[in-house]
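In: Give me coordinates for this.
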Amino acid sequence: MSNAYTDAYELSIQNPEAFWGPIAETCHWYKKWDKVLDDSNKPFYRWFTGGEMNTCYNALDLHVDNGNGDRTALIYDSPVTDTKQQYTYAELRNEVAKFAGVLASKGVEKGDRVIIYMPMIPEAAMAMLACARIGAVHSVVFGGFAANELATRINDAKPKVIVSASCGIEVAKKIVYKPLLDAAIDMSESKPDATIIFQRPMETAELKPGRDFDWAELMKDAVPHDCVPVMATDPLYILYTSGTTGQPKGVVRDNGGHMVALKWTMKAIYTIDPGDVYWAASDIGWVVGHSYIVYAPLFQGATTILFEGKPVGTPDAGTFWRVISEYNVKSMFTAPTAFRAIKREDPQGKLIADYDLSKFEVLFLAGERTDPDTLHWSEEKLNVPVIDHWWQTETGWAIAANCEGLHHFPVKAGSPTKAVPGWDVQVVDEACNPVKAGDIGAIVVKLPLPPGTLPTLWQNDDRYVEAYLEEFPGYYKTADAGYIDEEGYIYVMTRTDDIINVAGHRLSTGAMEEVLANHPDVAECAVMGVEDQLKGQVPLGMLVLNAGVERDHADIIKEAVQMVREQIGPVAAFKTATVVKRLPKTRSGKILRGTMRSIADKKAYKTPATIDDPTILGEIEESLGQIGYGAKAT
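Out: Here you go, the predicted structure:
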């Protein structure tokens, strides 16, 4: 059955040049590429070699030059500081050009690195775009990240300048950045020539003469800087993802392929046309923030929302509905964990009735698996399509999605639908042989990866090959496990290291979580495999209950165990669960199953740098101890 999706998909796999070439023509180039896809140095594929362009020009100046300078580019909404601001394309371009001049005045040139360590404020996006404008390579590190973690990134990227702010605001808590930044610079062998600090009204950072400079002071006399042409294959940014060895991996993104792919996704996946309002409720510290707060919406000439707040508590579980209503958001993208938090606070979705959501058309979820319970709750309460899609820091955009701008397929709970055009997704066994439809295996992508994905790791080609390409020759290893059904729907069940081996049976913890999440009293849950002398591993469940549940925990656990037994079978050996107040998560909402598994197995663990609240780990140790696991076992 032919439709816009199948036609696009088949062309993208059979003839990538014929697919991506015309898409690239919709962007601005100073010099056209020599080759759409250069495969002369396998496995290091390159897109649009020989082409010259500028990412910032395509995000801002192009729209101004085409007469759309008055269109709203960026909306800043900060319930935590009670601030709202809007910038047109012309205003944002002018601010970015001035800050590019500031960076140049501090010696930053094409190819130099700049670390951006900032909260969710417009100046963070301006700093990113200003780097792109002069061909500098930005590396955004979460504002408030621990000093030692920031130091490892300084040592790896060797930035000429670091851009930061005096503080970040986490709901009711102020996080002062400058002492963390000073400590990181003291610790690192590589030292920046200068730091530029944006002073927020709620905190004034102390500046060291000669090294630290005030953003506002520098902007007063700044000379605006023009866009600098760069090669399509030049790096745009480095984004560090925590490596399993504890040494972060610097994912590199190029300029040309990134622009082409991301601009295309805005309409093809997210249904966004120029002038539409799009909201990715994420943080610029994550890849989602890079791709879909800062770059893609601006490439498309849309309006992007930069939100400094949380789904609950700023001030209540209706804050998302307020933002959607106030700015006429057409399409939104957030993590399932945000919706689980809203559902936990407002299980009946009563706050939705307070807002006009008539312009809202579609909700996209990603970051970790969207459990069917959250999917159905969101569909029922919002009455719009709810689209789970799957991608990674390394890929920069979706591997699998229901491409709403091409063709809407029926949603299947638990699946991010089908491979997006450009992605040849396959499931293989350990020997790299394809498995039958419906069988679980390692999910891989046949090379070459489409444009916009990682061409390598920062100054570490060997580690790139070893981490992603070695295990399955000719394929990119996603490190996710799952299956593809008869209709081509992809099911991402779990990370490959979360497949547990119970007495020789390979089982997915994700499938068990899916069952537990269906319990009416369970707001969210996690299952991990813990060591067992008899069976090798057994699953252990952690349950967070909905607000207001007063039933006996033992009864809820008994019912949950029975549900897994009925729906997955006795082979799962699921017998133990405990109720906890909250689950440890990264700041983007990923549940830290590996850390909990280490606690249960009494193994040494390092508190992950990306953890949202380290105090939760103490609570988890107590809870696991009460059921006989970990060092605090009673």
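In: Where does pLDDT dip in the stretch 501-634 of the chain?
Out: Applying pLDDT under 70 to the stretch 501-634 of the chain flags the ranges 501, 503-506, 634.
In: The chain too?
Out: For the chain (pLDDT under 70), the answer is 242-247, 496-499, 501, 503-506, 634.
In: Domain boundaries for it, per the record?
Out: Listed domain ranges for the chain are 4-309+389-482, 503-626 (source: automatic domain parsing).
In: Compute the first-to-last residue distance for the first one.
Out: Spelled out, it's domain 4-309+389-482. 27 Å (Cα to Cα, to the nearest Å).
In: Quick one: the helices in the stretch 151-300 of the chain, in order.
Out: According to DSSP state H, counting those that start in this stretch, the stretch 151-300 of the chain carries its helices in the segments 178-187, 215-220, 256-268, 287-289, 296-299.
In: Out of these, which is closest to residue 402?
Out: Distance to residue 402, taken as Cβ to Cβ, is lowest for helix 256-268 among the helices of the stretch 151-300 of the chain, at 11.1 Å. (Each C-beta comes from the backbone N, C-alpha and C, glycine too.)
In: now, of the domains of the chain, which is deepest in the fold?
Out: Neighbour counts (mean count of other Cβ atoms under 10 Å) averaged over each of the domains of the chain peak at domain 4-309+389-482, with a mean of 20.
In: Which residues lie in contact with the residue nearest to residue 391 when sequence neighbours are not counted in this structure?
Out: If the residues on either side of it in the chain are set aside, residue 391 comes closest to residue 398, at 4.5 Å by Cβ to Cβ, 6 or more residues apart in numbering. Contacts for residue 398 (Cβ atoms under 8 Å, 6 or more residues apart in numbering) come out as 265, 269, 366, 389-391, 416, 420.
In: Show me which of these is closest to residue 203.
Out: For the contacts of residue 398, the nearest to residue 203 is residue 366 (33.0 Å; Cβ to Cβ).
In: Burial check on the closest one, number of neighbours?
Out: Residues near residue 366, counting by other Cβ atoms under 10 Å, number 25.
In: Check the gap between it and residue 413 for me.
Out: From residue 366 over to residue 413 the distance is 15 Å, taken as Cβ to Cβ, to the nearest Å.
In: circling back: now the domains of the chain in JSON lines, with distance to residue 321?
Out: Shown next, in JSON lines, are those (distance: least, Cβ to Cβ, whole Å):
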{"stretch": "domain 4-309+389-482", "distance to residue 321": "12"}
{"stretch": "domain 503-626", "distance to residue 321": "18"}
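In: if we can go back for a sec, now render the helices of the stretch 151-300 of the chain as CSV, adding distance to residue 623.
Out: Converted to CSV, these look like this (distance: least, Cβ to Cβ, whole Å):
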stretch, distance to residue 623
helix 178-187, 30
helix 215-220, 44
helix 256-268, 41
helix 287-289, 30
helix 296-299, 41
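In: Tell me which of the ones you listed sits nearest to residue 319.
Out: The nearest among the helices of the stretch 151-300 of the chain, by Cβ to Cβ, is helix 287-289 at 18.1 Å.
In: List of residues touching the closest one?
Out: 140, 239, 251, 280, 282-283, 333, 366-367, 391-393, 396, 588.
In: Repeat that for stretch 370-377.
Out: Residues from elsewhere that reach stretch 370-377 (Cβ under 8 Å, 6+ apart): 336, 339-340, 343, 349, 365, 386, 388, 411, 413-414, 416, 513-514, 517-518, 522, 524.
In: And stretch 324-336, how far out from the chain middle?
Out: 16 Å (Cα atoms, centre = their mean, to the nearest Å).
In: And that stretch, end to end?
Out: 17 Å.
In: Let me know which of the domains of the chain is the nearest to residue 489.
Out: Taking Cβ to Cβ, domain 4-309+389-482 is the member of the domains of the chain nearest to residue 489, at 4.5 Å.
In: Now residue 88: closest residue in space that isn't a chain neighbour?
Out: In space, residue 88 is closest to residue 70, 5.4 Å off (Cβ to Cβ, 6+ apart).
In: Against residue 631, how distant is that neighbour?
Out: For residue 70, the distance to residue 631 equals 62 Å [Cβ to Cβ].
In: repeat for residue 396
Out: From residue 396 to residue 631 the distance is 40 Å (Cβ to Cβ).
In: what's the answer for residue 105, then?
Out: From residue 105 over to residue 631 (counting by Cβ to Cβ), the distance is 54 Å.
In: ok, now residue 43?
Out: For residue 43, the distance to residue 631 - Cβ to Cβ - is 44 Å.
In: again with residue 11
Out: Separation of residue 11 from residue 631 (Cβ to Cβ): 57 Å.
In: likewise residue 371?
Out: 31 Å.
In: cool, residue 528 as well?
Out: 17 Å.
In: same thing with residue 305?
Out: Note on residue 305: its distance to residue 631, by Cβ to Cβ, is 44 Å.
In: Likewise for residue 73?
Out: Distance from residue 73 to residue 631, by Cβ to Cβ: 52 Å.
In: and residue 373, how many neighbours?
Out: For residue 373, the count of nearby residues is 24 (other Cβ under 10 Å).
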